[in-house]
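Novice: prediction below, plus the sequence it came from.
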Amino acid sequence: MSIEAMLDAAKTGNVKAQMTLGVCYDIGKHVDRDLEQAAYWYRQAAEQGFAPAQFNLAEMLREGAGVEQSASEAFHWYEKAAIQGNGKAMYNVAMMYVSAEGVEANNLMAYAWLSVALGTDAESVEQALAIVAKGIGSQTEDGDRIAADLRKKIAIHTS
């Protein structure tokens, strides 16, 4: 599909075309690299609930790449992607809870998200989970209950 055809499809709301355009502008493939355009197209797809676009938009917001940096908005989009089963987004949500980046610090929620992220494509989850578990001590049972609730939410969104 040509860039022109993809642009036409994206303008009519085709989420995959929007995501593809976002990637093209993000890395400069078939078009000049333009991070503002990348963020625009990622947002279009993200607002339609497309988890990969939500994750990419969150990355741009967290870094301030092509958009004004906003940790709280990045957290919002990571969480949306995480609820749809994106393991890397789950990990980032957890780490943002640990570091109070864009959200109030909450090691219990970090533990829960890391527990859910186990077995996904996210890297360093086991190590991070062990560190956070030490920090919350006897509250791991509470974290496990929260993780179970998160798994139920994810199951609803991914089925």
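Specialist: Sure, I can see it.
Novice: please make it C-alpha for all contacts and neighbour counts, starting now.
Specialist: Noted.
Novice: all helices for this structure, in order.
Specialist: Counting by DSSP state H, one finds helices in the chain at the ranges 3-11, 15-27, 35-47, 51-63, 71-83, 87-99, 107-117, 125-136, 140-158.
Novice: among the ones you listed, which is the most enclosed?
Specialist: For these, average neighbour numbers computed from mean count of other C-alpha atoms under 10 Å are highest in helix 107-117, which has a mean of 27.
Novice: from residue 114, how far out is the residue lying closest to residue 117 once chain neighbours are set aside?
Specialist: What sits nearest to residue 117 in space, not counting adjacent residues and going by C-alpha to C-alpha, 6 or more residues apart in numbering, is residue 87, at 5.3 Å. The spacing between residue 87 and residue 114, counted by C-alpha to C-alpha, to the nearest Å, is 9 Å.
Novice: ditto for residue 97
Specialist: 11 Å.
Novice: and residue 26, by the same measure?
Specialist: Residue 26 sits 28 Å away from residue 114 when distances are taken as C-alpha to C-alpha.
Novice: any stretches of this structure with poor pLDDT?
Specialist: The chain contains no residues with pLDDT under 70.
Novice: try 80 this time
Specialist: For the chain, the stretches with pLDDT under 80 are 1, 159.
Novice: tell me the contacts of the residue of it positioned farthest from its centre?
Specialist: Here the chain reaches farthest from its C-alpha mean at residue 138, the gap being 28.9 Å by C-alpha atoms, centre = their mean. Listed by C-alpha atoms under 8 Å, 6 or more residues apart in numbering, residue 138 has no contact partners.
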